[in-house]
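*Asks:* okay, predicted coordinates and the sequence, questions at the end:
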Amino acid sequence: MKNATDQTLAINADYQQFIEELKARVIAARISAARAMNNDAILLNWDIGRGIVEKQKIHGWGDSVVEMVAADLRRAFPESKSFSPDNVWRMRQFYLAYATSEFLGQLSQKRFPMAWPAAHRQFWDRLFQNCVQAPSNRPPTPRASF
């Protein structure tokens, strides 16, 4: 049973302020979670690319290993669309374009999401420039993104 106090609480300025603060906290938490997920996804893509490049150097594996990795990851994670051959090629190219400690420093300091649009454009510029200069690198199709 509601009493008169319950009904006046809904229109009380303190209560309205309380609700606005809660809404702001929910929005901030959602943004923070999205940034953390974005950082993790970027780092995972970079690390998969690093692993492929390093194994190719150490073991002398050819380019076909990229297709094999893509197929094995798709079998292991069939619900994910992230491991198409084109995307795994992009991961490899992503690592080659950003194989510096500065890149990892930006991620670890959580500054990278703010810099991502410029970095993303630089990455694609460098990637396509490298593919034109070295046609032996299989260029990924531009339809998917990180």
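*Replies:* Sure, I can see it. As the structure is a prediction and not an experimental result, all values here were calculated from the model.
*Asks:* what's the distance between Glu102 and Leu73?
*Replies:* Distance, Glu102 to Leu73, using CB to CB, to the nearest Å: 28 Å. (Each C-beta comes from the backbone N, C-alpha and C, glycine too.)
*Asks:* where does the prediction get shaky in the chain?
*Replies:* For the chain, residues meeting the criterion pLDDT under 70 lie at 1-10, 101, 104-146.
*Asks:* can you give me the helices in it?
*Replies:* 4-9, 13-59, 64-76, 85-97, 101-108, 112-133 (DSSP state H).
*Asks:* ok so, going back, ok, Glu102 and Leu73, which is more surrounded?
*Replies:* Using other CB atoms under 10 Å as the criterion, Glu102 and Leu73 rank with Leu73 on top: 17 against 7.
*Asks:* wait, that one sits on Met91?
*Replies:* No - in this structure Leu73 lies outside contact range of Met91 using CB atoms under 8 Å: 10.1 Å.
*Asks:* if I look at the nearest residue to Trp61 once chain neighbours are set aside, how far off is Tyr98?
*Replies:* Among residues not flanking Trp61 along the chain, Lys55 sits closest, at 5.7 Å (CB to CB, 6 or more residues apart in numbering). Separation of Lys55 from Tyr98 (CB to CB) stands at 18 Å.
*Asks:* those two: which is more packed in?
*Replies:* Each of Lys55 and Tyr98 has its neighbours counted (other CB under 10 Å); Tyr98 has more, 20 against 13.
*Asks:* the more buried one touches Asp47, doesn't it?
*Replies:* No - with contact defined as CB under 8 Å, Tyr98 does not count as touching Asp47 (11.4 Å).
*Asks:* look up phi and psi at Trp61.
*Replies:* phi -70, psi 150 (degrees, to the nearest 10).
*Asks:* count of residues packed around it?
*Replies:* 15.
*Asks:* one more: Ile11?
*Replies:* Neighbours of Ile11 using other CB under 10 Å come to 8.
*Asks:* Val65 versus His59, what's the distance?
*Replies:* Taken as CB to CB, the span from His59 to Val65 is 9 Å.
*Asks:* neighbour-wise, which of these two wins?
*Replies:* Neighbour totals were compared for His59 and Val65, and Val65 leads with 15 against 9 (other CB under 10 Å).
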